[in-house]
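*Asks:* generate a structure from the sequence data that follows.
(4 chains)
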Number of protein chains: 2
Amino acid sequence: MSAHAIEHDAVADPPASAEAPSAGPCAIPAGFDQNLGWLLAQCFRAYTYAVERAVADLPHGHRGFQALYGAANCSAHNQAELAKQLGVDRTVMVYLVDDLEKAGLAERLPDPNDRRSRLIRATPTGRERLADAQSAISAAETELLAALSDDEQKALRGMLCSIAAHQRTPVEAANPCAVVDEMKQASN
Amino acid sequence: MSAHAIEHDAVADPPASAEAPSAGPCAIPAGFDQNLGWLLAQCFRAYTYAVERAVADLPHGHRGFQALYGAANCSAHNQAELAKQLGVDRTVMVYLVDDLEKAGLAERLPDPNDRRSRLIRATPTGRERLADAQSAISAAETELLAALSDDEQKALRGMLCSIAAHQRTPVEAANPCAVVDEMKQASN
DNA sequence: TATTGTTATACTCTATAACTATA
DNA sequence: TATAGTTATAGAGTATAACAATA
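*Replies:* Okay, the predicted model is just below:
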């Protein structure tokens, strides 16, 4: 089973303008409050569901948004590296970028240093659409995190960053043998 | 995601020197540290990967573990409710429980109050296997969260609980129309 | 009429293998 | 020989529709 399947799940909903932080709409099922795996999955499902509408008009929804985000931020040097950053297979990245390109949101530029590589960049149109999506996402996130104070929200983001930064790159994660080999090396 | 969107004009050149950032095993790709969706997905991917081996011998891996966990904790009154708690379709839950049952880890008991329902409970063997898996998972989680202090880890779990508890039940999430209908009702 | 559990089927998404071109 | 990108295809995973039993 692949870690990618998680991205399909969706959950939860933005509370309808009613004031309901304390009158919790839903309790955590017995025992699961002690289950980090469930908590992470549940929060990610809730996130996906909350953001779904904000990115509905982008090709491939939330995943397309992340690809466009990476393109706009020049997070990767080529298509393969972007795929690794997003945790998707490189064959999946092909049609993901294809569709962003068809929509005029991203483009493949030749890499002057390596004629095999393509730099994935956002077009001006893509940046506009990205900004629009980010506004909508920001609103959805506000509701998602409504139970947390501003300080808590900041702390949460910081901790997620720490966890993510502490992990090995998705490259190796996708290739368990490489991880093991590297760990052996590191222990020497 | 905070209010600041990506600067449209000031997209810098891709970092020319592609050398890996020093000590840390892995750095966060440019921009993604401000992207809550990516952070959540990345952390969940890391979790899934870290825990994968700990639950490899259970039917359906991590998902099977969660189902068994719910069964052992009597989190749900029947199969359908458990499916909702785990964010899976009820047709998926059928063979999930089927395989746990075949492995002797869980069982379907008749519900005295409703002859349509089946109570999903863990067998003694299932509880043993669950305890073993939890030990292994706990070790994996220790590594996953190694970048956080004990207090931070506690705070993180608390915040994830708050977020999860603030969302509506997965029931409605699995059926967007129902959510809309309920929101309409709620607003009346 | 609605809900629980089930089965069979169709669909979506993902990964594997093979290929070209570069390095 | 290894890597980037692509394509086609097989596979895994998921949801839809229909059914029987029960409420």
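
*Asks:* does the lengthiest helix in chain A come close to chain B?
*Replies:* If you go by DSSP state H, chain A has its longest helix at helix A:124-144. Yes - Helix A:124-144 reaches chain B (C-beta under 8 Å from any C-beta of the partner chain) through A:124, A:127-128, A:130-131, A:134-135, A:137-138, A:141, A:144. Yep, even glycine has a C-beta here, placed from its N, CA and C like the rest.

*Asks:* list the buried residues for that helix?
*Replies:* For helix A:124-144, a neighbour-count test (16 or more other C-beta atoms under 10 Å in any protein chain shown) marks A:126-127, A:129-130, A:133-134, A:136-138, A:140-141, A:143-144 as buried.

*Asks:* for stretch A:109-119, same thing?
*Replies:* Neighbour-count burial for stretch A:109-119 flags A:117-119 (criterion: 16+ other C-beta under 10 Å).

*Asks:* the nearest residue to A:Ala103 once chain neighbours are set aside and DNA strand D: what is the separation?
*Replies:* The spatial neighbour of A:Ala103 that comes closest, neighbours along the chain excluded (C-beta to C-beta, 6 or more residues apart in numbering or on different chains), is A:Pro59 at 5.4 Å. To DNA strand D, A:Pro59 is 15 Å away according to C-beta to the nearest atom of the strand, to the nearest Å.

*Asks:* A:Pro59 sits in which helix or strand?
*Replies:* Assignment of secondary structure by DSSP states H and E places A:Pro59 within no helix or strand.

*Asks:* count of neighbours near it?
*Replies:* 21 (other C-beta atoms under 10 Å in any protein chain shown).

*Asks:* from what I can see it touches A:Leu100, true?
*Replies:* Yes - using C-beta atoms under 8 Å, A:Pro59 makes contact with A:Leu100 at a distance of 5.7 Å.

*Asks:* can you pull out the strands in chain A?
*Replies:* Secondary structure of chain A, counting by DSSP state E: strands at A:106-110, A:118-122.

*Asks:* which of the ones you listed sits closest to DNA strand D?
*Replies:* strand A:118-122 (4.0 Å; C-beta to the nearest atom of the strand).

*Asks:* can you tell me if that closest one touches DNA strand C.
*Replies:* No - Strand A:118-122 lies apart from DNA strand C when judged by C-beta under 7 Å from any atom of the strand; the minimum separation is 11.1 Å.

*Asks:* hmm, back to that, closest to B:Gly37 out of the residues of helix A:124-144 next to chain B?
*Replies:* A:Ile137 (7.1 Å; C-beta to C-beta).

*Asks:* what about A:Asp89, distance to DNA strand D?
*Replies:* 9 Å.

*Asks:* what's the local residue count around that residue?
*Replies:* A:Asp89 has 13 neighbours, counted by other C-beta under 10 Å.

*Asks:* please apply the same query to A:Arg63.
*Replies:* 21.

*Asks:* give me the pLDDT for it.
*Replies:* Note on A:Arg63: pLDDT of 97.

*Asks:* so it sits right up against A:Gly87, yeah?
*Replies:* No - contact criterion C-beta under 8 Å: A:Arg63 and A:Gly87 do not qualify, at 9.5 Å.

*Asks:* excluding covalently adjacent residues, which one is nearest to A:Arg108?
*Replies:* Using C-beta to C-beta, 6+ apart, the nearest residue to A:Arg108 is A:Arg118, at 4.1 Å.

*Asks:* what distance do you get for the closest residue to A:Ala122 other than its chain neighbours to B:Met93?
*Replies:* Among residues not flanking A:Ala122 along the chain, A:Ala72 sits closest, at 3.9 Å (C-beta to C-beta, 6+ apart). Applying C-beta to C-beta, to the nearest Å, the value for A:Ala72 to B:Met93 is 40 Å.

*Asks:* what about the two, which has more around it?
*Replies:* Higher neighbour count among A:Ala72 and B:Met93: A:Ala72, with 26 against 20, using other C-beta under 10 Å.

*Asks:* you'd agree that one is up against A:Gly126?
*Replies:* Yes - contact status for A:Ala72 versus A:Gly126: in contact at 6.7 Å, counting by C-beta under 8 Å.

*Asks:* got a pLDDT number for the residue lying closest to A:Ile120 once chain neighbours are set aside?
*Replies:* Nearest non-adjacent residue to A:Ile120, counting by C-beta to C-beta, 6+ apart: A:Ala71, 4.7 Å away. Listed pLDDT for A:Ala71 reads 98.

*Asks:* neighbours of A:Ala71, how many?
*Replies:* Per other C-beta under 10 Å, the neighbour tally for A:Ala71 reads 27.

*Asks:* ok now do it, which residues does it touch?
*Replies:* Contacts for A:Ala71 (C-beta atoms under 8 Å, 6 or more residues apart in numbering or on different chains) come out as A:82, A:100, A:106, A:120-122, A:126.

*Asks:* got TSV for these, with pLDDT and distance to B:His77 too?
*Replies:* Shown next, in TSV, are those (pLDDT from 0 to 100; distance: C-beta to C-beta, whole Å):
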residue	pLDDT	distance to B:His77
A:Leu82	98	45
A:Leu100	98	45
A:Ala106	98	48
A:Ile120	98	49
A:Arg121	98	52
A:Ala122	98	49
A:Gly126	98	48
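
*Asks:* phi, psi of A:Asp114?
*Replies:* Dihedral pair for A:Asp114: phi -150, psi 110, per degrees, to the nearest 10.
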